[in-house]
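**Q** the sequence isn't on hand, but the structure is:
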């Protein structure tokens with residue numbers, strides 16, 4: 001494979017990506033972090049989500065995320081977000097999926113936003129649209145927001161304001177007016 005990879009790198013990009021993807025598919029099992037890495041090198045990260053690849057990929061999502069984050073490539077954020085989608089939609093592992101969304105640069109969105117991936121940290125707004133928020137979910141999201149603000153004082157997350165208001169009302173109704181402020 002070394003000569004093929006070397007020669008193809010001196011040809012055009014299409015030949016190189018084809019050889020790299022073929023190398024990855026023939027030498028590494030689906031779900032292998034090295035297969036993921038070489039598919040990203042080949043610019044074919046979306047092929048990792050084919051029917052025969054998605055389950056092994058999700059089985060090893062932690063190792064694959066580690067490999068991706070340790071070896072950044074163009075398009076890797078889309079693969080990280082895709083891992084999050086797979087974890088949330090196929091496995092119902094909301095917390096793991098949300099971690100992927102955060103690592104992939106995903107943002108919190110309004111519930112009404114079409115295709116919103118994440119409204120509050122650790123809860124699935126799609127399966128429970130009428131009662132997905134809880135004080136714990138709001139607090140988890142506020143902790144994340146505060147951590148972001150420590151790194152960037154100008155950081156803001158407007159979609160979270162409605163939840164903060166709901167949480168303040170909830171605290172006030174319980175008699176915790178000081179905490180509600």
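**A** Great, that's in hand. This one's a predicted model, so the numbers in the text were calculated from it and none came from an experiment.
**Q** show me what counts as buried in stretch 164-181.
**A** Within stretch 164-181, the residues scored as buried using 16 or more other C-beta atoms under 10 Å are 167, 168, 171. For the C-beta atoms, the positions are set from N, CA and C on the backbone; glycine is no exception.
**Q** a markdown table for those, including secondary structure and pLDDT?
**A** Shown next, in a markdown table, are the buried residues of stretch 164-181 (DSSP: H, G, I helix; E, B strand; the rest coil; pLDDT from 0 to 100):
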| residue | secondary structure | pLDDT |
| --- | --- | --- |
| 167 | helix | 85 |
| 168 | helix | 89 |
| 171 | helix | 87 |
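**Q** quick one: those as CSV, columns for distance to residue 76 too.
**A** Written out in CSV, the entries for the buried residues of stretch 164-181 read as follows (distance: C-beta to C-beta, whole Å):
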residue, distance to residue 76
167, 34
168, 38
171, 40
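**Q** average pLDDT across the longest helix anywhere in the chain?
**A** The longest helix of the chain (DSSP state H) is helix 135-151. Confidence for helix 135-151, expressed as mean pLDDT, is 92.
**Q** same check on stretch 112-128?
**A** In this model, stretch 112-128 has an average pLDDT of 87.
**Q** for stretch 15-28, same thing?
**A** In this model, stretch 15-28 carries a mean pLDDT of 93.
**Q** what's the answer for stretch 48-65, then?
**A** If you average the pLDDT over stretch 48-65, you get 95.
**Q** number of residues surrounding residue 15?
**A** Residues contacting residue 15 under the criterion other C-beta atoms under 10 Å number 14.
**Q** show me where this protein has its helices.
**A** Secondary structure of the chain by DSSP H: the helices cover 2-9, 13-27, 33-41, 51-59, 61-70, 76-89, 94-103, 135-151, 161-173, 177-180.
**Q** now render the ones you listed as JSON lines, adding distance to residue 112.
**A** Supplementary listing: the helices of the chain in JSON lines, determined by distance: least, C-beta to C-beta, whole Å:
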{"stretch": "helix 2-9", "distance to residue 112": "47"}
{"stretch": "helix 13-27", "distance to residue 112": "39"}
{"stretch": "helix 33-41", "distance to residue 112": "34"}
{"stretch": "helix 51-59", "distance to residue 112": "29"}
{"stretch": "helix 61-70", "distance to residue 112": "29"}
{"stretch": "helix 76-89", "distance to residue 112": "19"}
{"stretch": "helix 94-103", "distance to residue 112": "18"}
{"stretch": "helix 135-151", "distance to residue 112": "17"}
{"stretch": "helix 161-173", "distance to residue 112": "11"}
{"stretch": "helix 177-180", "distance to residue 112": "25"}
